[in-house]
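**Q** test case, fold it:
(one chain, ligands or ions: 1)
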Amino acid sequence: DVDKSTLLTPELRAEIDRHVGKYPPEWKQSAVMPALTLVQEHNGGWLTQDLMDQVAAYLDMPEVAVYEVATFYAMYDLEPVGRHKICVCNSISCMLGGAEALLEHVEARHGVAPGETSKDGKFTLKEFECLGACRHAPVVMVDQEYHECVTRDGIDKIISKLD
Ligand code: FES
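**A** Modelled structure (predicted):
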């Protein structure tokens, strides 16, 4: 059996420890979300079962509790993703503001439906719950960066600039 504990590199452990340090020792599981985020970034944008198990072991929590978090929140991906994530808000203001048309446009123009990755591996298209910038609908988050009042041309430009 391979030693999976090496999946969490010393650097990752140190970064997770910084978050763990914000809570009393008996609450170290509170760091599960930032820990998963760090591990996901380190692994090219997605989480494997082994990685989630290692986070569970590191934070002394049941593996199933970590899976629950990882499956509940849309920011975690459990399948390989493209080099970038394009997240289109699908909550009410953005839907009324044209988010659906944006999604259709990306699908028609780039052949990528929500949940799919472009053939060149450039991006994965995702739908997201309200991103908190409803007054500037429709809102699109590319990796961690917000774009507001996005038009079809706008999203084409965003995609063409991605490496
Ligand atoms: Fe889209 Fe709130 S509804 S940001």
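**Q** helix, strand or coil: sort out the residue nearest the centre of the chain for me.
**A** The residue lying closest to the centre of the chain (CA atoms, centre = their mean) is M75, at 3.1 Å. Using DSSP: H, G, I helix; E, B strand; the rest coil, the secondary structure recorded for M75 is coil.
**Q** show the contacting residues for it.
**A** If a contact means CB atoms under 8 Å, 6 or more residues apart in numbering, then M75 has T37 as its contacts. Where C-beta positions appear, they are placed from N, C-alpha and C, glycine not excepted.
**Q** distance of it relative to C87?
**A** Remark: distance between M75 and C87 (CB to CB, to the nearest Å) = 8 Å.
**Q** below-threshold pLDDT in this protein: ranges please.
**A** In the predicted model of the chain, residues 1-2 satisfy pLDDT under 70.
**Q** what distance separates the start and the end of stretch 135-149?
**A** Stretch 135-149 stretches 9 Å from its first residue to its last (CA to CA, to the nearest Å).
**Q** flag every buried residue along that stretch.
**A** Residues of stretch 135-149 classed as buried by neighbour count (16 or more other CB atoms under 10 Å): 137-142, 147.
**Q** between which two of those residues is the distance greatest?
**A** Across the buried residues of stretch 135-149, the two members that end up farthest from each other (CB to CB) are A137 and V142, 16.1 Å apart.
**Q** so does stretch 64-75 get close to the ligand?
**A** No: on the criterion CB under 6 Å from any ligand atom, stretch 64-75 is out of touch with the ligand, staying 12.9 Å away.
**Q** how far does that stretch sit from its chain's centre?
**A** Here the centre of mass of C-alpha atoms in stretch 64-75, compared against the chain's by CA atoms, centre = their mean, to the nearest Å, lies 12 Å away.
**Q** in it, which residues are buried?
**A** Along stretch 64-75, the positions that meet the burial threshold by neighbour count (16+ other CB under 10 Å) are 66-67, 69-70.
**Q** can you give me the strands in this structure?
**A** In chain order, the chain shows strands spanning 84-89, 123-128, 140-142, 145-147, with DSSP state E as the criterion.
**Q** can you put the ones you listed in a markdown table and add distance to the ligand?
**A** As requested, the strands of the chain are arranged in a markdown table below (distance: least, CB to the nearest ligand atom, whole Å):
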| stretch | distance to the ligand |
| --- | --- |
| strand 84-89 | 3 |
| strand 123-128 | 8 |
| strand 140-142 | 9 |
| strand 145-147 | 9 |
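**Q** save those as TSV, and put in distance to G44 too.
**A** TSV is the format used below for the strands of the chain (distance: least, CB to CB, whole Å):
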stretch	distance to G44
strand 84-89	11
strand 123-128	11
strand 140-142	16
strand 145-147	18
